[in-house]
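Enquirer: Below are the sequence and a predicted model for it; my questions follow.
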Amino acid sequence: MNIRVLYFATYKQKIGKSEEHFAFDTPLNVRQFKEFLRERYPHLALDFTSVLVSINKEFAFDEDWLPDGAEVAIFPPVSGGEEPFPTILELTEQVFDVDQVLQKLVRPTTGGSCVFVGFVRQITDGQPKRETNHLEYEAYEEMALEKMRQVADEMRQRWPLIEGVAIVQRLGHLDPGTPTILVACTAAHRNQGIFEAARYGIDRVKEIVPVWKKEVGARGEYWVEGDYVPKKGE
C-alpha cells in the first residue's frame, strides 16, 4: 500500500518537510498511521490529540482505513450543477477589491448585501498587549476550496432566499491593516437572511476550511491554531 502524505502549519514546521511518501505491507487505519508517525519522529513529541486528518480531501477519523494511493493530509484545527446565482470562491495572494467582488454578485433582483472583511490586527488587547509585525497564511488549497464550496452550500440551505455568495481568503505575507478574508452574500431584501448568512459563513470558514496563520511579532512567531474538531460527515 502506497500513500502520499502532506503536512501543513505546525506539523510541516516540526517535521521539516511538506510532503512524504510511504509504502506499507499491510493496510492501516488513521489511528495506526498516527502511531506510525509518532514512532517515526519520537524526538518531536508530536501531539495527535487535536490533529486533523483528511483522506483524499475529506476529513478522516481514527477508524477510517487508508486506501492504496491515498493523499493523506495532517494539519491542526482551524475552509453541484449550474447555479442560478453566482458563487465566488478564491484563495489568492493578491489584494482583493470589495467593490469588484460585489459587482460580480449583484443581479437585477439584488436589493442588498452583507459583507464581512477581516483585517490583520496590529495590536491585540490582553495582559500584556501583543503587537503583530505581520501574518503568514497558508492553506491546503485543493481541500480548502472544496470546503469553501461546502460553506457556501450550507449558507444557501439555511437561508434559501440569499442570492450571490463570495468567500475570498488571502494567503502569504500580510502586513497590519491588510484585509485577510471576505465573506459576502446578497439578496433581494435585507430581511432575507444576508446578515445571518454572512455571520454563519465566516464562523464556518474558521471551523472547517484548512487555512492557517503564523503570527510574527516582537515576542517571536507561532502558528495560531483553533480548537474545533470537525465531526464525521463535515
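Expert: Yep, it's here. Computed from a predicted model, the values in this text were never measured in an experiment.
Enquirer: After the helix or strand hosting Gln103, which helix or strand is next?
Expert: Using DSSP states H and E, Gln103 maps to helix 98-105. Where DSSP H and E defines the elements, the next helix or strand beyond helix 98-105 is strand 112-119.
Enquirer: quick one: strands adjacent to the helix or strand that comes right after that following strand?
Expert: Heading C-terminal from strand 112-119, the first helix or strand you meet, by DSSP H and E, is strand 123-124. Strand 123-124 has its sheet partners listed here by DSSP bridges as strand 130-139 (antiparallel).
Enquirer: And the helix or strand that comes right after the partner strand, what's buried?
Expert: Using DSSP H and E, the next helix or strand after strand 130-139 towards the C-terminus is helix 141-158. For helix 141-158, the neighbour count (16 or more other Cβ atoms under 10 Å) marks Met143, Ala144, Leu145, Glu146, Lys147, Met148, Arg149, Val151, Ala152, Glu154, Met155, Arg156 as buried. Just so you know, the C-beta spots here come from the backbone N, C-alpha and C atoms, and that holds for glycine as well.
Enquirer: Kindly report the same for stretch 104-113.
Expert: Counting neighbours by 16+ other Cβ under 10 Å, stretch 104-113 gives Leu105, Thr110, Ser113 as buried.
Enquirer: Sticking with the closest residue to the last one other than its chain neighbours, tell me its helix or strand.
Expert: If I follow you right, that is Ser113. Using Cβ to Cβ, 6 or more residues apart in numbering and skipping the chain neighbours, the partner closest in space to Ser113 is Thr186 (4.4 Å). Per DSSP H and E, Thr186 falls inside strand 179-187.
Enquirer: Give me the helices and strands touching the next helix or strand after that strand, please.
Expert: Following strand 179-187 in sequence order, the next helix or strand is helix 194-208 (DSSP H and E). When contacts are defined as 3 or more Cβ pairs under 8 Å, 6 or more residues apart in numbering; DSSP states H and E, helix 194-208 packs onto strand 112-119, helix 141-158, strand 162-170, strand 179-187.
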